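Novice: With the input below, show me the fold.
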Amino acid sequence: MRKVSGRVRRGKNGEAIAESIRFGPLEYWVGFNLRMAQEHAFEAFSRRSQEIGESPGRFATLTLIARNPGISQTELSHANGRDKSSLTPVVEDLVRRGLVERKRIREDRRTYRLNVTPAGKKALTMLTRCARRHERVLDGIIGQRDRKRFLQILKKIAAEIE
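Specialist: I've put the predicted structure just below:
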């Protein structure tokens, strides 16, 4: 197996990983490279969002709630690609911090409807600015010409993988 060449790979904390590491078949496996790309992209977005004191993991959740007023937690978990049990602490944190309000509906006392509060809208505005800067960096890497096809492929993987 060949060694990784070219750019220096970075670990989670930004430390350089020795060029002599042999990745074997992982070097060519889509799943491994998809995970590595996601990890690095998330870490970069995390650094940007920390500048404004927010967690990048809250961005998608706040966006989905803001774009879908009254969404249930079950609907949100499906849209967010998370199981309900892992999403519940995220929603509870957003409610506790006053960014989201959660209301029970009369017809089904087990179901909550979620809405973004004014403070949540302000936080989302700042996170969106941060996300746009991050997207411009990704666009610089992917290239405008390949962006549409790249997104199509990612969406196809998400929709069809079992």
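
Novice: use CA for all of it now, contacts and neighbours both
Specialist: OK.

Novice: Pick out the least confidently modelled helix or strand of the chain, by mean pLDDT.
Specialist: Lowest by mean pLDDT, DSSP states H and E among the helices and strands of the chain is strand 108-116, with a mean of 86.

Novice: Tell me the strands beside it, with direction?
Specialist: Applying DSSP bridges, strand 108-116 is found paired with strand 71-72 (antiparallel), strand 100-105 (antiparallel).

Novice: Serialize these to TSV and add fields for mean neighbour count and distance to L114.
Specialist: Converted to TSV, the strands paired with strand 108-116 look like this (neighbours: other C-alpha atoms under 10 Å; distance: least, C-alpha to C-alpha, whole Å):
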stretch	mean neighbour count	distance to L114
strand 71-72	18	5
strand 100-105	17	5
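
Novice: May I see those strands organised as CSV, with distance to T111 added?
Specialist: Converted to CSV, the strands paired with strand 108-116 look like this (distance: least, C-alpha to C-alpha, whole Å):
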stretch, distance to T111
strand 71-72, 7
strand 100-105, 6
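
Novice: Got the domain ranges for the chain?
Specialist: Following automatic domain parsing, the chain resolves into domains at 1-50, 51-160.

Novice: Out of the ones you listed, name the one with the poorest average pLDDT.
Specialist: Mean pLDDT per stretch puts domain 1-50 lowest among those, at a mean of 78.

Novice: hey, where'd the helices end up in this protein?
Specialist: Taking DSSP state H as the criterion, the chain carries its helices at 30-50, 57-67, 73-80, 84-96, 118-142, 144-160.

Novice: what comes up buried for the first one?
Specialist: What it means is helix 30-50. Buried residues in helix 30-50, counted by 16 or more other C-alpha atoms under 10 Å: M36, E43, F45, S46, R48, S49.

Novice: Which single one of those is nearest to A123?
Specialist: S49 (10.6 Å; C-alpha to C-alpha).

Novice: isn't that closest one right next to S55, touching?
Specialist: Yes: under the contact definition of C-alpha atoms under 8 Å, S49 touches S55, with a separation of 6.3 Å.

Novice: before we move on, the earlier item: relative to D146, which of the buried residues of helix 30-50 is nearest.
Specialist: Checking those against D146 with C-alpha to C-alpha, the nearest one is M36 at 19.3 Å.

Novice: Okay, that closest one and W29: tell me how far apart.
Specialist: Plainly put, M36 is 11 Å away from W29 if you go by C-alpha to C-alpha, to the nearest Å.

Novice: Kindly report the same for D83.
Specialist: To W29, D83 is 26 Å away according to C-alpha to C-alpha.

Novice: could I have stretch 74-92 exported to CSV, CA atoms only?
Specialist: What follows is stretch 74-92 as a C-alpha-only set of coordinates in CSV (Å, rounded to 0.1, in the frame of the first residue of the first chain):
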residue,chain,number,x,y,z
THR,A,74,-40.5,13.4,15.8
GLU,A,75,-40.7,15.3,12.5
LEU,A,76,-37.5,17.2,13.5
SER,A,77,-35.6,14.0,14.3
HIS,A,78,-36.5,12.6,10.8
ALA,A,79,-35.5,15.9,9.1
ASN,A,80,-32.3,16.2,11.1
GLY,A,81,-31.2,12.6,10.5
ARG,A,82,-31.1,11.9,14.3
ASP,A,83,-33.0,9.5,16.4
LYS,A,84,-35.4,11.1,18.8
SER,A,85,-33.5,10.1,21.9
SER,A,86,-30.3,11.9,20.7
LEU,A,87,-32.3,14.9,19.6
THR,A,88,-34.2,15.4,22.9
PRO,A,89,-31.1,16.7,24.8
VAL,A,90,-30.4,19.2,22.0
VAL,A,91,-34.0,20.5,22.1
GLU,A,92,-34.0,20.6,25.9
